[in-house]
Structures are given as C-alpha cells and as structure tokens.
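> Sequence first, predicted coordinates after that:
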Amino acid sequence: MVHIRLSNVHLTFRVRRHKRIPLKQFLLGGFFRRSVNPVMEVHALKNVNLEIREGERVGVIGHNGAGKTTLLKLLAGIYPPTSGHLEMEGRVSTLLDIGVGIESDATGWANIAYRSYLQGLTPREVRQRRPRIAEFSELGEFLNIPVRFYSSGMLVRLCFSIATEIEPEILLIDEILSAGDLSFQEKAHRRIMELIHQSRLLVIATHDTVTVPKLCTRMVWLDHGEIVMQGDPQTVVEAYREYMTSNQRSAA
Amino acid sequence: MAALSYTAHYLSEIWKRRYFWLALVKLDLDARYRRSFLGIAWALLQPLAYTTVMCLVFSQIFVETNLGEYAPYVFTGVAIWGFISNSVLEGCHSILVGEKYIRSYPAPLAMYSLRTALSVALHFLILLAFTILLSWVIRGFQNLAALPILVPILVVLFFFSWALTTIFGIINVHFPDTHHLAGILLQLIYYLTPVFYPKQMFAQRGALVTILTYNPLGYIVELVREPVLYGRIPPLADFLIAINTVVVLAGLAIFLLVTNERKIIFSL
C-alpha cells in the first residue's frame, strides 16, 4: 500500500554566515571560529504531522519560504528529518529542480543514461525509454552534442523530458514548471497532467490557488514551517486567500 | 546485526547503481584521454618528461648513475606517486563533483568517491602497463614470474585509493581549503618517499632512514617496484604494513561515511 506518514517531523538547517570555514581556522580553535562565523539555525519544518494514503492528491500552499520545497525534498529523501519520524512506502518520483544533475560536458544521450542509471535502471531499460525521451524533447540531432552548447530552452526540454519519463507511484512536484517555448509549455503541461493522473499518490507544492486545488483531494497550508490548516481544498484555499489579503491590507 | 544488515543494504544500493558510477568513470576517462589530441600518449608524456629531467639531473650530479637502472626506477616512482597524489587531490573533489546528483536524488554517498577512485586507478593501470613494458625493454623478461603478485597488491592499492578519496572528499566539503593544504602536505611527503632517489642513497644517514622506515607510503611504492622492476616478491612485512595502513584509512573513511551519509547535504 502506497502511503506517507510524517510524525512530529522537525527539520533544522544550521547555516553559517560564511558558507564553510577553512580548515586552518578550524584548527586554530573553536572559540575563534564561533565569533567569526556564527551558526544560525533555521527551523524550516516544525512539528509536521501528515498522513497521506493511496489515491490522495495533496496540494501544499504557503508563501515563499514557508517550507514547501523543504517538505518535498524531505519526502524525496534528500533531506533527513532532524527529529521525528518519516515513513514512506512506494517508489518516489520527483519533479523538483529539474535542472539539477546535468553533466554539462556529456551529450544529451549520455545525460539521459546518467539520470536513469542513478535511479537504478539497467542499460536495457534505458535503451527502451531513450527513444521516448528523445522524441518528447524534440531535440533530434542536438542530443549528439554536449549539453554545454545547449540554449537554456533546449536544456529545459531535455531535463523535463528525462524527468517526466517515469511511471510514478508517489509523485512529488514543485510548482508547475514553465518549460521552454509556448508550444512546448502546452505539451509539458499535458504531460504533467498525465503523470498526475497516473500517480497513485501526489504531493504538489504550488502558488496557484485556482487550477491546482481543483486537481487535489486535500490542501495543506504551510506557514513558517508549520501546518496551519489542512482539509477540503476549497475551504483551505479560501482561508489562505483571506489571510493573504488581510496581511496585504495591514501591510499597506 | 542491525549494522550488518544496514551495510548489506548499503552495498546493494551501490551495486544497483553500478551503471551510474561506471558511466561517470567512463566520462572521466573520456575527458582525460579522448578529448586531447594525443589521447593516452598524453598520460605518458608527463611522467616520461619528468623521468627524462631527473635522469639528466642525476647523471650530472652522480656520474656513476646507471641510467638503465635509474630511468625505470624513477618512472615507476612517478607512476605510483601520481596514483597516491591523485587519490588525495582528485579525492578532494570526489564528493563535490557529485553534488548535483546528491542534491537531486538520494543515493549512497560512497559511490561518488568510488567513481573518483576508479578513474584514478584506471589511469594508474595504464601507467603501470607502460612501466612493465619499459622494464621488459630495458631488463628483459626476468620479472614475469613475479608479476602475478601484482593482483593482490593492486587490490590493496585500490582500497587505499578509495579510502583516500572518501576521506579527502568528505573533509573538503566541510573545509574547502583542504585541497590546498593537502597539496602542500603532499609536497613535503614527496621528499620523504623514495620516489626519485634510490633508497640506498640515504643508507648512512640515520634521521632520514628513520623517517623512511616510518613512512607507510614508502612501502606502497616498494610493493609495486619490487615485482615490476626486480622481479622479486615483496617481503611479507612490507605487505602487512601496507595492509595495516589501508585498514586504518578505510576505518576512518567508513567512520566519515557513517557520520556524513545523511547530513552532508546540509554542508554542500
């Protein structure tokens, strides 16, 4: 049974003012280090309790920095929870930062292979899915040249085509991606909709309060890393909108 | 028991993604050889040039230098030293070059240093093959009987390289100046390792002999030189010292992996 269960999950980032400290400084002593490069704790997820069962489509809303992406990356297994318990069952596919994980010195074909191999596919499986990816990307001959020479639009096409050639059980999507030129965007949008309907469990982070809630069976509203409200999409979205407008008014 | 099943699971995850890291090793090799005009010859050029320079210098300083002896001696020294220093210096980037993948997909951290270790090792194998050829040309086939001993030696050397790439890869993520400090340190150790000077040269000088005795890298250099150049099986003691060194380093590498496996993403 495909499902996700988060119980009392906290995630804290320890950020330094200067990203990393030199070894020299570290060896010179902790006292010195603390004063020069203090650690700042960012509590990105606070006591998140969430249970999602098979068949559910969950939309996550909240303003920038509310913890939407962090939550998705936690579900994807990229970030471990600082405390609390995370239980997942099902094969996870993600559409998060689609541009990450591209080897720019390698050709388009090679990158298709790398990404598939990373997910544990065999050369035979890659040979099977490669034509579909190539066709969807419409890159043709360009797949033979290193990705370094691609335009940003071509790169998006490649990344998107690789990332979406999946049979998702659990699907995690961050925003609806705007990919490439207009005709490709429409195609990309259709592909995402297909995937959403194929998946057995969906979590999607979004700023869209119109289209996405209609797709979802439940909405979760995150604010400062905490779940403020969850439940029926329409109710949550309305409460969220009301909060945002009242916030804007008080700001003005 | 839990640790054991975790290890088994971890190793199977690495194995499951073998096509991934092997493909990246191939990419590394392509970058190193295919994209340069000279290809593999390019890999030989640097150690050959170095050997030539050292031969010229040494034959001027020590008139009695037998170049037929000395040239392959230096060449093997440079080849093995290159292997050690590449393990450290390329090792420093072993995790960072995998950053883009680590950020996008959860997978065992150890496979990124494995990739670097494999590309370093393959590069070394090419040089080693050439060394053996060189030794055949200069000294005949007298080393044939001893060559099979290279198989276990290479296994030890591979673990040695993997431990170094893992250790330096992880440390360099936390302390970005590790690469520079390691470069300086290697430069120092280079002169304390019999890479280009014959060991016997220092037989009479007490302090240096002591240092040479305690420098484990010296044994690693000798482990390859003995069979390849002299057709001798290296003494068991040398073998054990090398294995001990590898065990200590691998222990440290595994410790760093266990402590960093999940958390390194926050430092990238």
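Good, I have the coordinates.
> Could you export stretch B:131-141 as PDB, CA atoms only?
Output of stretch B:131-141 as PDB, limited to C-alpha atoms (Å, rounded to 0.1, in the frame of the first residue of the first chain):
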ATOM      1  CA  THR B 131      56.100   0.600 -16.800                       C
ATOM      2  CA  ILE B 132      56.100  -3.200 -17.300                       C
ATOM      3  CA  LEU B 133      56.800  -2.700 -21.000                       C
ATOM      4  CA  LEU B 134      59.600  -0.300 -20.200                       C
ATOM      5  CA  SER B 135      61.100  -2.900 -17.800                       C
ATOM      6  CA  TRP B 136      60.900  -5.600 -20.400                       C
ATOM      7  CA  VAL B 137      62.600  -3.400 -22.900                       C
ATOM      8  CA  ILE B 138      65.500  -2.500 -20.600                       C
ATOM      9  CA  ARG B 139      65.900  -5.500 -18.400                       C
ATOM     10  CA  GLY B 140      64.300  -8.400 -20.300                       C
ATOM     11  CA  PHE B 141      61.500 -10.700 -19.200                       C
END
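> ok now that stretch, how far from the chain's centre?
When distances are taken as C-alpha atoms, centre = their mean, to the nearest Å, stretch B:131-141 is centred 22 Å away from the chain's centroid.
> What of stretch A:126-134?
23 Å.
> What of stretch A:79-89?
So, by C-alpha atoms, centre = their mean, the centroid of stretch A:79-89 is 16 Å from its chain's centroid.
> Check which helices and strands the longest helix seen in chain A sits against.
In chain A, with assignment by DSSP state H, the single longest helix is helix A:233-251. Judged by 3 or more C-beta pairs under 8 Å, 6 or more residues apart in numbering or on different chains; DSSP states H and E, helix A:233-251 is in contact with strand A:57-61, helix A:211-215, strand A:218-223, strand A:226-231. No exception for glycine: its C-beta is placed from N, CA and C like everyone else's.
> So the closest residue to residue A:47 other than its chain neighbours, which state does it fall into?
Spatial nearest neighbour of residue A:47, excluding adjacent residues (C-beta to C-beta, 6 or more residues apart in numbering or on different chains): residue A:8 at 5.6 Å. On the three-state scheme (DSSP: H, G, I helix; E, B strand; the rest coil), residue A:8 is labelled strand.
> Helix or strand: which one has the residue of the stretch 101-250 of chain A found nearest chain B?
At 3.6 Å from chain B, residue A:117 is the closest residue in the stretch 101-250 of chain A, using C-beta to the nearest C-beta. In the assignment (DSSP states H and E), residue A:117 maps to helix A:108-118.
> Next, the buried residues of the longest helix of chain A.
Residues of helix A:233-251 classed as buried by neighbour count (16 or more other C-beta atoms under 10 Å in any protein chain shown): A:233, A:236, A:237, A:240.
> related to what we said a few turns ago, relative to the whole chain's centre, how far out is the helix holding residue A:117?
Mean-position distance between helix A:108-118 and its chain equals 20 Å (C-alpha atoms, centre = their mean).
> Same check on stretch B:5-19?
Here stretch B:5-19 is found 24 Å from its chain centre; the criterion is C-alpha atoms, centre = their mean.
> Which residues does that stretch contact?
A:113, A:117-118, A:120-123, A:126, B:21, B:107-108, B:110-111, B:114 (C-beta atoms under 8 Å, 6 or more residues apart in numbering or on different chains).
> As a markdown table, those with secondary structure and pLDDT would be great.
Shown next, in a markdown table, are those (DSSP: H, G, I helix; E, B strand; the rest coil; pLDDT from 0 to 100):
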| residue | secondary structure | pLDDT |
| --- | --- | --- |
| A:113 | helix | 94 |
| A:117 | helix | 92 |
| A:118 | helix | 90 |
| A:120 | coil | 87 |
| A:121 | coil | 90 |
| A:122 | coil | 93 |
| A:123 | helix | 94 |
| A:126 | helix | 94 |
| B:21 | helix | 95 |
| B:107 | coil | 91 |
| B:108 | coil | 94 |
| B:110 | helix | 95 |
| B:111 | helix | 95 |
| B:114 | helix | 96 |
